[in-house]
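Chemist: for reference, the sequence and a predicted model appear below.
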Amino acid sequence: MNTVAKFSLLVGCLMFAGATLALAQDDSHHDHSPRVAQVVALDECDPTTFNAALGPDFCKNVALAALGYATTLSNLFTEAAAGTPDPGWDFEPDTVKIEEGTTLSVVDQGGEPHTFTEVEEFGGGFIPGLNFKEATVPECEGGFSKVKVARTRILQGSEIQVTGLSKGKHHFQCCIHPWMRVNVEVK
Ligand SMILES: [Cu+2]
C-alpha cells in the first residue's frame, strides 16, 4: 500500500470512529433528557346526562359509568358551585419539570373535550357555572368562538403538542373546567 492509500484508510477510520462517537453521545443525550414529556387529561363524564344536554357523542363512555365511576352533568355544576370541584376532572401530573426544547404531549384520556391553554394567572374558564368565584381569565374569554381558545382544544382521545416553551414558569389550565391546572417549569 502506498502512503496516500494508507493515509486515506486512516482518515476513513477516524471518520467512522467520529460518527460512532457522535451517535453514542446522541444516544446518551436521549437517555438523560427525554425530549417529550406527557400530560394526561382525565374526566369522568356520565354519557347519559351529558349527551342528553350536549348532544350525542359529546361524552364517550370511558369512565365505566355503569359501575358508578361517573359524575352527572348536574352534579358537576353543583360541585363547582359549592367550591369543591370534581377531582375526577384533572390534568396529571400537576407539576411538570422539563428542559428547554422539550415537547409537551397532552393527551385527552377522558370522555369529553378539554383545553390546554397557557394563562398568565390561573382563574375562571368561559362557562360561568363552572367557575367558583373566579372571573374568566383573558386567555379563555370568548370560548371556542375565538381561534386562540379553539386552537388549544383537545378532543376526546386526541393529542396536542406544545413546543417552544421559554425558560421559566408557565401555567396551563382548562378553559371549560378551570380547576384542571398544570404548572410547567422549564430549565
Ligand atoms: Cu376540561
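Modeler: Happy to help now that I have it.
Chemist: say whether the ion is contacted by stretch 131-144.
Modeler: No. On the criterion Cβ under 5 Å from the ion, stretch 131-144 is out of touch with the ion, staying 10.9 Å away. For the C-beta atoms, the positions are set from N, CA and C on the backbone; glycine is no exception.
Chemist: could you do stretch 86-101 as well?
Modeler: No. Stretch 86-101 stays clear of the ion (Cβ under 5 Å from the ion), getting no nearer than 5.9 Å.
Chemist: can I get that stretch in CSV? Just the C-alpha atoms.
Modeler: Listed next in CSV are the C-alpha coordinates belonging to stretch 86-101 (Å, rounded to 0.1, in the frame of the first residue of the first chain):
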residue,chain,number,x,y,z
ASP,A,86,-65.0,17.2,41.0
PRO,A,87,-61.4,15.8,41.4
GLY,A,88,-62.2,13.3,38.6
TRP,A,89,-61.6,16.2,36.2
ASP,A,90,-57.9,16.6,36.3
PHE,A,91,-54.6,17.1,34.5
GLU,A,92,-51.8,14.7,35.6
PRO,A,93,-49.2,15.4,36.7
ASP,A,94,-49.9,18.7,38.4
THR,A,95,-46.3,19.9,38.0
VAL,A,96,-44.0,19.2,35.1
LYS,A,97,-40.3,20.0,35.1
ILE,A,98,-38.6,19.9,31.7
GLU,A,99,-35.5,21.2,30.0
GLU,A,100,-35.8,23.8,27.3
GLY,A,101,-36.6,22.2,24.0
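Chemist: ok, residues contacting it?
Modeler: Residues outside stretch 86-101 that contact it (Cβ atoms under 8 Å, 6 or more residues apart in numbering): 33, 35, 37, 39-44, 63, 69, 71, 75-76, 79-80, 104, 106, 110, 116, 165-167, 172, 174, 177, 179-187.
Chemist: any of those buried? List them.
Modeler: Among those, those classed as buried by 16 or more other Cβ atoms under 10 Å are 37, 39, 41-44, 63, 71, 76, 79-80, 104, 106, 110, 116, 165, 172, 174, 177, 179-182, 184, 186.
Chemist: ok, which of the residues you listed also contact the ion?
Modeler: Subset of these in contact with the ion: Cys174, His177, Met180, counting by Cβ under 5 Å from the ion.
Chemist: name the element the most centrally placed residue in the chain belongs to?
Modeler: When Cα atoms, centre = their mean is applied to the chain, the residue found nearest the centroid is Val106 (2.6 Å). Taking DSSP states H and E as the criterion, Val106 maps to strand 103-108.
Chemist: for that strand, what is the average pLDDT?
Modeler: Averaging pLDDT along strand 103-108 yields 98.
Chemist: helix or strand right after that strand?
Modeler: Once the chain leaves strand 103-108, the next helix or strand it forms, by DSSP H and E, is strand 114-115.
Chemist: other residues contacting that next one?
Modeler: Strand 114-115 has contacts (Cβ under 8 Å, 6+ apart) with 41, 43, 108, 140, 149, 152-154, 174-177, 180.
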